[in-house]
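# Turn this into a structure:
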Amino acid sequence: MSRHPSVKWAQRSDVVFITIELPDAQDVKLKLEPEGKFFFSATSGADKIPYEVDLDLHDKVVVDESKASVGKRNICYLVKKAENKWWSRLLKQEGKPPVFLKVDWDKWVDDDEEDDSKVGPDMDFGDFDLSKMNMGGAEGEDDDDSGTEEENVEEVAPLKKDASSSGAEPEVKKD
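Numbering: from 1, shown residues only. From the prediction side, this is the model:
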């Protein structure tokens, strides 16, 4: 009897990310059909324990434009949707999803935020003034540049040539 590995998923309007978490997977077999049938099987561990996943995806997919990557800790599959539209769920069948299937919140983007996620390092903050935000330390901490940190710093004198060769300790000046 095969076991089910943990499977995480996320989506964009044009693709679905499927990540199968199975460290040291061997004999990996992946099959994706245009109707949305997704099949995975592999073995893992010294005992070659068999794992498999058989999913009926919510809608049709483009097999030729989908890509898989087998890593040491997981198998990632980027599935291209046949239509650029958001799916209400990953699986065709309604109801509660299988216990091994979870949302990948690290990759998840809501449909209304998809365009925002493509904003690069030159983001436009409009009239938003970052200097008005308190980006300092913990609450209640004074931001008075009294130099308390500098008062506790000891000055170390540079090593003298003869001191470094004799193994002597450098002089430390204390205020």
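# ok, residue 66 touching residue 78?
Yes. With contact defined as CB atoms under 8 Å, residue 66 and residue 78 form a contacting pair (6.2 Å). Heads up, the C-betas are built off the backbone N, CA and C, glycines and all.
# More neighbours: these two, which one.
residue 66 (18 against 15; other CB atoms under 10 Å).
# Quick check: buried residues in the helix or strand where that one lies?
Following DSSP states H and E, one finds residue 66 within strand 61-70. Going by neighbour count (16 or more other CB atoms under 10 Å), the buried part of strand 61-70 is 61, 66.
# who does that strand pair up with?
strand 74-81 (antiparallel) (DSSP bridges).
# Below-threshold pLDDT in the chain: ranges please.
Applying pLDDT under 70 to the chain picks out residues 114-175.
# all strands of it, in order?
6-11, 15-21, 25-32, 37-44, 49-56, 61-70, 74-81, 101-103, 155-156, 172-173 (DSSP state E).
# So for residue 90, which of those strands sits nearest?
Residue 90 lies closest to strand 6-11 among these, at 5.0 Å (CB to CB).
# picking that back up, tell me what angle the strand holding residue 66 forms with strand 15-21.
40 degrees (axes from the mean of the first three to the mean of the last three CA atoms, to 10 degrees).
# What are the contacting residues of strand 61-70?
16, 25, 28, 30, 32-34, 36, 75-82 (CB atoms under 8 Å, 6 or more residues apart in numbering).
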